[in-house]
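**Q** sequence unavailable; structure follows:
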């Protein structure tokens, strides 16, 4: 066929949101239109229980709608149906990141999205906080190399995450390495290790300290009013001689509900072993020391040679908690 006669098939759905609606129409499912011949715009309402933003996001992702077409659809819905709650741009609706952090690693490049980010993106942590019957979760990690090309040494090494107790939750990519060789092991796992340690701060240490202060466990481990006052005074005094590596001052226990992860980390790794010695009961304090030693061993590269000991200490901690 002569080159002049060849024409690439036009994607008729690319710039025509109306044709997109005819093909896969989400509007009928989430909007109520007036019966009869009435065309009054103020009679068009959302169906009960519908959320047009989330419905549009699911529809766009399910059918791989191009951003330019979705943007045209949003403008149409805002102008014609007066749905002012909708944004004018598809990137705003879907929440497309404005930047992607890709860093050099070894002979290739590394992208890290994080454990906590993935769980929040799937609304898992939000729902988990509402479920009072779940006290722990199991995270399954999978790592393997993928050669996408037969004629190139380039390979991908994704780190995938799956939550065991919720099988309907989709697998999540928390990191991806791309390069001509295998990733350097220590750098490859460093981000996951520190991300996991952050969950120790805002997870385990937060739960323990809130339980001791507010009595969520039992009266034997609950701090008395005198204990809380003493600890608060000591926390304030510790800020005066705070070492330079601790950038945030730690607040008294009356502000515990507003503590940041760095404050829980300071308490776990620096202040807790000293301040809790004469307050917690012997077995409870010993169990806390298991957590302190294990977390310290995992937090500093000089102590990673004791990783097997840290594993045993964590097992003891969770067994006795």
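**A** Sure, I can see it. From a predicted model like this one, the values you see are computed outputs, not experimental measurements.
**Q** ok, residue 284 - contacts?
**A** By Cβ atoms under 8 Å, 6 or more residues apart in numbering, the residues touching residue 284 are residue 221. All C-beta spots, glycine's among them, are computed from the backbone N, C-alpha and C.
**Q** is it true that it lies in a strand?
**A** No: applying DSSP: H, G, I helix; E, B strand; the rest coil, one finds residue 284 to be helix, outside a strand.
**Q** do you know the pLDDT at it?
**A** The model reports residue 284 with a pLDDT of 90.
**Q** ok, residue 257 to residue 146 distance?
**A** Applying Cβ to Cβ, to the nearest Å, the value for residue 257 to residue 146 is 44 Å.
**Q** for residue 259, which non-adjacent residue is closest in space?
**A** Nearest-residue entry for residue 259: residue 251, 6.6 Å, with adjacent residues in sequence omitted and distances by Cβ to Cβ, 6 or more residues apart in numbering.
**Q** so the one you found sits against residue 257, correct?
**A** No: the pair residue 251 / residue 257 is not scored as a contact, 10.3 Å apart, by Cβ atoms under 8 Å.
**Q** just want to know which of these two has more residues nearby.
**A** Each of residue 251 and residue 257 has its neighbours counted (other Cβ atoms under 10 Å); residue 251 has more, 16 against 9.
**Q** how about that one, what does it touch?
**A** 235, 258, 259, 263.
**Q** what about it, which SS state?
**A** coil.
**Q** would you list the phi and psi of it?
**A** Dihedral angles of residue 251 (phi, psi; degrees, to the nearest 10) stand at phi -90, psi 160.
**Q** against residue 100, how distant is it?
**A** 35 Å.
**Q** so where's this protein shaky on pLDDT?
**A** Residues of the chain meeting the criterion pLDDT under 70: 1-50, 120-136, 217-220, 321.
**Q** which parts of it are helices?
**A** 17-23, 27-30, 52-62, 67-80, 90-94, 115-121, 124-130, 185-199, 206-214, 225-238, 261-266, 272-275, 282-299, 307-320 (DSSP state H).
**Q** which residue is nearest the middle of this structure?
**A** residue 117 (2.1 Å; Cα atoms, centre = their mean).
**Q** break this protein down into its domains, please.
**A** 10-94, 102-183, 199-320 (automatic domain parsing).
**Q** now the longest one: how far from the chain's centre is it?
**A** Relative to the chain's own centre, domain 199-320 is displaced by 23 Å; criterion: Cα atoms, centre = their mean, to the nearest Å.
**Q** and residue 152, how many neighbours?
**A** 9.
**Q** ok, it - contacts?
**A** Taking Cβ under 8 Å, 6+ apart as the definition, residue 152 has no contacts.
**Q** measure it to residue 178 for me?
**A** 11 Å.
**Q** kindly report the same for residue 278.
**A** Taking Cβ to Cβ, one finds residue 278 at 53 Å from residue 178.
**Q** and what of residue 72?
**A** 34 Å.
**Q** cool, residue 64 as well?
**A** From residue 64 to residue 178 the distance is 23 Å (Cβ to Cβ).
**Q** who's more crowded, those two?
**A** residue 178 (18 against 6).
**Q** these two touch, right, that one and residue 108?
**A** Yes: counting by Cβ under 8 Å, residue 178 touches residue 108, with 5.1 Å between them.
**Q** what's the closest non-adjacent residue to residue 187?
**A** residue 105 (5.4 Å).
**Q** wouldn't the one you found be in contact with residue 190 here?
**A** No: with contacts counted by Cβ under 8 Å, residue 105 stays clear of residue 190, the gap being 9.8 Å.
**Q** who has more neighbours, those two?
**A** residue 105 (19 against 15).
**Q** now residue 158: closest residue in space that isn't a chain neighbour?
**A** residue 176 (4.7 Å).
**Q** looking at the domains of the chain, which one is packed in the most?
**A** domain 199-320 (a mean of 16; mean count of other Cβ atoms under 10 Å).
**Q** residues contacting residue 228?
**A** Per Cβ under 8 Å, 6+ apart, neighbours of residue 228: 213, 253.
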